[in-house]
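Asker: take this sequence and fold it.
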Amino acid sequence: MADLVLDCSVREFVPNVIEPSFGIGRILYSLLEHSYWARADDVNRAVLSLPPAVAPIKCLIVPLSSNAEFKPLVAKVCEYTASFIMKSEEETDIPSFE
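Answerer: Okay, here's the model as predicted:
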């Protein structure tokens, strides 16, 4: 039986940049992934339901139709919710898709 000698060398490498596995991008993606869902009966209508702690707008009153009959009702609802410090579509920068 012969003795075998191996010459091994170890090269150490220290990275200059350490990227953590958490960051704002991953946090936002996780938040959107868990908050964006589609209804089972209507897949084309998706819902983004953000938790109240991170939602930029807590409640938004948007008329779904430009029919003149709805304007008094929307104005009445906006007047009622004004005491809760909410904004209507006319007060925000959200574009209208008419």
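
Asker: tell me where the chain has strands.
Answerer: In the chain, the strands defined using DSSP state E lie at 36-38, 46-48, 60-61, 87-88.

Asker: ok, Val54 - contacts?
Answerer: Applying CB atoms under 8 Å, 6 or more residues apart in numbering, we find Val54 in contact with Leu31. Using the backbone N, CA and C atoms, a C-beta is placed for each residue, glycine as well.

Asker: who's the closest spatial neighbour of the residue nearest the centre of the chain, skipping the chain neighbours?
Answerer: Taking CA atoms, centre = their mean, the centroid of the chain lies closest to Leu32, which sits 4.0 Å from it. Excluding the flanking residues, the one nearest Leu32 by CB to CB, 6 or more residues apart in numbering is Leu48, at 7.7 Å.

Asker: any idea how far the one you found lies from Ser35?
Answerer: For Leu48, the distance to Ser35 equals 6 Å [CB to CB, to the nearest Å].

Asker: so for these two, which residue has more residues nearby?
Answerer: Comparing Leu48 with Ser35 by other CB atoms under 10 Å, the one with more neighbours is Ser35, at 14 against 9.

Asker: wait, that one touches Pro52, no?
Answerer: No: the criterion here is CB atoms under 8 Å, and Ser35 misses it with Pro52 at 11.4 Å.

Asker: that's all I had, so thanks and see you.
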